[in-house]
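[1] here's a sequence, model it:
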Amino acid sequence: MKDQVLTIVENVPVTTSVYRMVMEGNGLEAQKPGQFVNIRLEGLYLRRPISVYDSEAGRLTILYKVVGKGTEQMSRMLPGETLDVLTGLGNGYDLSKAGDQPLLLGGGVGVPPLYLLAKQLRSQGKDVRAVLGFNTKAEVFGEAEFRDLGCAVTVTTADGSYGTKGFVTDALPADYSYFYTCGPEPMLKAVYRATKTSGQFSFEERMGCGFGACMGCSCKTITGYKRICREGPVLEKEEILWEG
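    Numbers count the residues shown, from 1 in each chain. Okay, the predicted model is just below:
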């Protein structure tokens, strides 16, 4: 974990509610796929946790959805403004288990952390398949970017207005070696039931501190409760115990 001041170089909408923000900073290290950052915003007590979309030394890209006061404030920020950002948070995905044909399953704002993962898997020569799920055509983003990496991409929409009608579990390919997923909990539960291999789940949770002190984002596992911000956000399929 590292606390640093980053400068915004781009902050633009990619849909009516999702924005892409690019930040730069001296000493900024490349982040791992599945890690997240925690952003301090003026006038707000709690930082906002946002998953990493893309990363290289000195540059960080996030995609975020405007859903409340904090993200609305972010959407109005301009290039040249700065943000206090905690970087290097979370454990991230383990690429060593991917096999030759990894499957990526993302729902809504669970799609962004899969992009850097896909980028690195493709750099290893993996045959990556991605299923991106949204509620409606107006919410779709990322399709072209994943295709540009060389991924085979399927888009699903719950209302059938674009791509395959249904959810990501309605578009699972017949064959895949392993899977990685991120999205809302109902989607993750459905993926857990529908997938036939082992895999890794990245959880979206409301967080207080973002580094394990408050225990506000815990998930039940076979070895006890794990903090999504500290021991997660990525957990193995076999260790998760669903509640409710």
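[2] the longest strand along the chain pairs with which strands, parallel or anti?
    Longest strand in the chain by number of residues (criterion: DSSP state E): strand 2-13. Take DSSP bridges as the rule and strand 2-13 pairs in its sheet with strand 18-24 (antiparallel), strand 82-89 (antiparallel).
[3] over to Thr61. Which of the three states is it?
    Three-state call for Thr61 (DSSP: H, G, I helix; E, B strand; the rest coil): strand.
[4] show me the helices in the protein, by range?
    Counting by DSSP state H, residue ranges of the helices within the chain are 69-75, 112-123, 143-148, 185-194.
[5] helices and strands around the second one, which ones?
    The reference is to helix 112-123. In terms of contacts (3 or more Cβ pairs under 8 Å, 6 or more residues apart in numbering; DSSP states H and E), helix 112-123 is packed against strand 48-56, strand 102-107, helix 143-148, strand 178-183. (Glycine included, C-beta is placed from N, CA and C.)
[6] can you say which of these is nearest to Leu63?
    Each of those has some distance to Leu63 by Cβ to Cβ; the shortest is strand 48-56, at 4.7 Å.
[7] with just CA atoms, put that closest one into PDB.
    Output in PDB follows, covering the C-alpha atoms of strand 48-56 (Å, rounded to 0.1, in the frame of the first residue of the first chain):
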ATOM      1  CA  ARG A  48     -13.900   5.500  -2.500                       C
ATOM      2  CA  PRO A  49     -12.500   2.100  -3.600                       C
ATOM      3  CA  ILE A  50     -12.200   1.800  -7.400                       C
ATOM      4  CA  SER A  51     -10.800  -1.200  -9.200                       C
ATOM      5  CA  VAL A  52      -7.800  -0.800 -11.600                       C
ATOM      6  CA  TYR A  53      -8.700  -0.900 -15.300                       C
ATOM      7  CA  ASP A  54      -5.200  -0.500 -16.700                       C
ATOM      8  CA  SER A  55      -1.800   0.200 -15.300                       C
ATOM      9  CA  GLU A  56       1.900   0.800 -16.100                       C
END
